[in-house]
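1. A structural model of the following input is requested.
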Amino acid sequence: MAFGLLVAASAQTMAAPPSVADTAVLRRQLAAHLPDTARVRLLTAMCTALHSGQPAQALPFGEAAVALARTLPSGQHEPILLRSLLRLASCYANLSNGPEALTLLSEAQMLARRLQDTDALTRTYTAQGSIYHERRDSATAWQHYRRGLQLLPQSAVRPRTRMRLLGNVGSLFFYRQQYPQAMHFDSLALALARRDGDSTAQSNYLSSLATYQMRVGNLGRVKRLLTQALAISRRQNAVRSQANQLIMFAMYYIETGQPERADAAAHEALRIARQSNYLERALDAYGILATEAARQERYRQAYEWNQRYVALNDTLNSRQTMQTLASAQVNHETQERARRLRQLTEEHEEQVWRSRLLVGVVAILTIGLLISAYLYRNLRRHRAALAANNRALEQASAELRSVAAFKDKLYAIVAHDLRGPVTAFAGVTSLIDSYIAQNDQAGLARLPALVRQAADSLNHLLDNVLNWAVSQTGELDCRPAPLLVSEIFAECQALYQTTAAASWQHITMSAPVGLRLLADRNMTRTILRNLVGNALKFMPAGGHVHLEAALDPDDPQMVLLSCTDTGPGMSPATVASLMSGPALPAPISSPQATGLGLGLALCRAFVHRHGGTLVIQSRPGAGTNVTVSLPTAKAKAKEAKAVEHEKSPSF
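-> Next up is the predicted model:
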């Protein structure tokens, strides 16, 4: 009875649980400011201390060690990363997450080959074999163990690695019921333990050999092996090993017909198991005591022992279920962290790309301004020599003045619109100090939304500046393509949903199913972003923005896209100024927001590029409705077909 369980418990060296003092020292060291290499080693040491008894707590330290090791300079990080991968894989194996452990071991195996680290390579084969052994896939486990056995003759393999591999192979042969081979490999492991002076390993391998001898019926050697193992365990005060060996003594006495000694050994094992909270061995002791009491016709005692056995078995099953659930939760959290990390990495790369693009545009504009200034200075220096070309010079000067005025106006708008986001960022920093001083956790929780809102406004302004600069140089091509209105609306709604939610504002949309535009996707996005962004900026908290699309009743070849808000509205004079003003109007201000200059001008330019119109309807206190008309995909398709028909020859 319980032979397989005892072999599994004694075939591998049992790591003593880490002391509270050890982990406390490691935590204090991690709290200090350390170089990255030292921090990786401490994180790996913390994972090592916890991975056997508390794998769920060890997992974050192992993941942090691996992530930090990957950032170290090339050539320096590989040996450190190899050790971190091996320890993290052990954590996942102890949490029964075999697939993740095998993935980490495969990476560690490639690193070990590259570094020609024979000991680490042997450890990867041993760990892979043990995972497949746990899955009861003995054929695959033996393939990995055999690769490890081929490396054992090399001197670089450490004794502890040799012992672990030989012990695991012995356990595999015992599982296959190949007892002579199992005893052979355990005997080799025992010899290594004695040579290395590892008393704990000696005790465990002696127990394994006793189990094998009992299984083959060689009871004469069982008592001698168990006596040696128990003596070592008592010297080291290894209470769990003592409990295992006393249970085996009880089974030995049962086999040899010594019920009194079996009863005494089982009682002693039960006492030690209770002291060390080793519930599995306590369960075995209850089973032996119940069986022996029934065999001796002490049925009342047998019943009592059996009741304790059933109660403890239920407890163990419940604990195993909780451990399984905890392991599943840890795996889920790990996958979620990995997904979030990938998402943040992608967002960072996209932001870097945008920053580089913006820097390039600014550099080009700066070079253009410098060239213009240089030419202007040369023109003034050679004014006498160029008297004959005075008219051309005056025209060039007028154009330069126009460019300068346009530039100054653009800078004024940018500076004006930047004031809002920059003021928001400054306000957030003040709020941070205030909330920290007041320990206002609810206020701190609202800060990310405020920062995100200010950042979105700033990013929106930069997009408008870039689009305006490109459109004025004539380099922005209009490439119409069929666009589904509902998709464009949904994309715009998703973009501003967070900003609106931060001010308790709402964005709704409605569009007929299948309604399509034939327009440039980027220009259409810019138009909708500016309309919705202006509506949200000028609208008070709790307001509502509604996007709606419909065919133009007066012109079926056009689609009307409208943006209606419940904001403060505008006076007729303001509306007339916006509709009839210059291509780049001066910015206006309201108590709620700033802007409406460059964005609306950009919308007008893009709508006119498509042959459409932009109409503003607003009254003070009654909100604002902005309607743009763009061609339908159906209408443009008909025009293209008609042109093709006209070009075709007639007969």
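2. and Leu72, that one's in a helix?
-> No: Leu72: not assigned to a helix; according to DSSP: H, G, I helix; E, B strand; the rest coil it is coil.
3. Can you tell me how far the residue lying farthest from the centre of the chain is from His382?
-> Most distant from the centre of the chain: Ala388, at 70.6 Å, with distances by CA atoms, centre = their mean. From Ala388 across to His382, the span is 12 Å (CB to CB, to the nearest Å). Placement of C-beta: from N, CA and C, glycine included.
4. which SS class is Ser155?
-> coil.
5. how far away is it from Arg113?
-> 18 Å.
6. Compare those two (neighbour count), which wins?
-> Legend: neighbour count by other CB atoms under 10 Å for Ser155 and Arg113, higher for Arg113 (13 against 7).
7. can I assume the residue farthest from the centre of the chain sits in a strand?
-> No: counting by three-state DSSP, Ala388 falls outside a strand, being helix.
8. Count the neighbours of Leu172 for me.
-> Around Leu172 there are 22 residues (other CB under 10 Å).
9. And the lowest mean pLDDT element among the helices and strands of this protein?
-> helix 3-10 (a mean of 42; mean pLDDT, DSSP states H and E).
10. avg pLDDT for stretch 210-229?
-> Average pLDDT, stretch 210-229: 83.
11. export that stretch as CSV, just CAs?
-> The C-alpha trace of stretch 210-229 is given here as CSV (Å, rounded to 0.1, in the frame of the first residue of the first chain):
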residue,chain,number,x,y,z
ALA,A,210,14.3,0.0,0.8
THR,A,211,11.0,0.6,-1.1
TYR,A,212,12.3,-1.3,-4.2
GLN,A,213,13.6,-4.2,-2.0
MET,A,214,10.2,-4.4,-0.3
ARG,A,215,8.5,-4.5,-3.7
VAL,A,216,10.6,-7.4,-4.9
GLY,A,217,10.2,-9.2,-1.6
ASN,A,218,13.8,-9.0,-0.4
LEU,A,219,12.7,-8.1,3.2
GLY,A,220,16.1,-9.0,4.6
ARG,A,221,17.7,-5.8,3.3
VAL,A,222,14.7,-3.6,3.9
LYS,A,223,15.2,-3.2,7.7
ARG,A,224,19.0,-2.5,7.3
LEU,A,225,18.4,0.2,4.6
LEU,A,226,15.6,1.8,6.6
THR,A,227,17.6,1.8,9.8
GLN,A,228,20.4,3.7,8.1
ALA,A,229,18.1,6.2,6.5
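12. Sort out which residues of that stretch are buried, please.
-> Ala210, Thr211, Tyr212, Gln213, Met214, Arg215, Val222, Lys223, Leu225, Leu226, Gln228, Ala229 (16 or more other CB atoms under 10 Å).
13. From those residues, pick the one nearest Val239.
-> Ala229 (13.8 Å; CB to CB).
14. so which strand or helix has Arg41?
-> Element membership for Arg41, per DSSP states H and E: helix 36-50.
15. Identify the residues contacting that helix?
-> Outside of helix 36-50, the residues within contact range by CB atoms under 8 Å, 6 or more residues apart in numbering are 18, 22-23, 26-27, 29-30, 34, 57-59, 61-62, 64-65, 68-69, 71-72, 76, 80, 83-84, 87-88, 91.
16. What is the three-state secondary structure of Tyr132?
-> Quick answer, by three-state DSSP: Tyr132 is helix.
17. need the contact list for it.
-> Contacts of Tyr132 by CB under 8 Å, 6+ apart are Ser138, Thr140, Ala141, His144.
18. of all those residues, which two lie farthest apart?
-> Ser138 and His144 (11.0 Å).
19. Neighbour count: those two, which is higher?
-> His144 (22 against 16).
20. Run a quick check on the more buried one versus Tyr125, I expect a contact.
-> Yes: between His144 and Tyr125 there is a contact under CB atoms under 8 Å: 4.8 Å.
21. quick revisit: looking at the contacts of Tyr132, which are in strands?
-> Using DSSP state E, no member of these falls in strands.
22. pretty sure Arg619 is touching Gly569, no?
-> Yes: assessed by CB under 8 Å, Arg619 is found in contact with Gly569 at 5.1 Å.
23. helix or strand right after the strand or helix carrying Lys537?
-> Here Lys537, judged by DSSP H and E, is contained in helix 521-538. Remark: after helix 521-538, the chain's next helix or strand is strand 544-551, criterion DSSP H and E.
24. mind listing what's buried in that next one?
-> Result for strand 544-551 [16+ other CB under 10 Å]: buried residues His544, Val545, His546, Leu547, Glu548, Ala549, Leu551.
25. So what touches the helix or strand following it?
-> Downstream of strand 544-551, the first helix or strand assigned by DSSP H and E is strand 558-565. Strand 558-565 is contacted by residues 485, 515, 517, 527-528, 531-532, 535-536, 538-539, 543-552, 612, 623-632, 635 when judged by CB under 8 Å, 6+ apart.
26. Next, the contact list for Thr71, please.
-> Thr71 touches Asp36, His77, counting by CB under 8 Å, 6+ apart.
27. Distance-wise, check it relative to Val239.
-> Distance, Thr71 to Val239, using CB to CB: 43 Å.
28. One more: Ser580?
-> Distance from Ser580 to Val239, by CB to CB: 92 Å.
29. The two: which is more packed in?
-> Set side by side, Ser580 and Val239 show more neighbours around Val239, with 17 against 8, by other CB under 10 Å.
30. My read is that the more buried one contacts Arg274, right?
-> No: at 10.3 Å, Val239 does not count as touching Arg274 under the criterion of CB under 8 Å.
31. Let me have the buried residues of stretch 210-229 in TSV, adding secondary structure and distance to Leu344 as columns.
-> Formatted as TSV, the buried residues of stretch 210-229 follow (DSSP: H, G, I helix; E, B strand; the rest coil; distance: CB to CB, whole Å):
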residue	secondary structure	distance to Leu344
Ala210	helix	55
Thr211	helix	52
Tyr212	helix	53
Gln213	helix	58
Met214	helix	57
Arg215	helix	55
Val222	helix	60
Lys223	helix	62
Leu225	helix	57
Leu226	helix	57
Gln228	helix	57
Ala229	helix	53
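32. Now, of the contacts of helix 36-50, which are buried?
-> 18, 23, 26, 30, 57-59, 61-62, 64-65, 68-69, 72, 80, 83-84, 87-88, 91.
33. Take the residues you listed and keep only those in helices.
-> Applying DSSP state H to these, the entries found in helices are 23, 26, 30, 57-59, 61-62, 64-65, 68-69, 80, 83-84, 87-88, 91.
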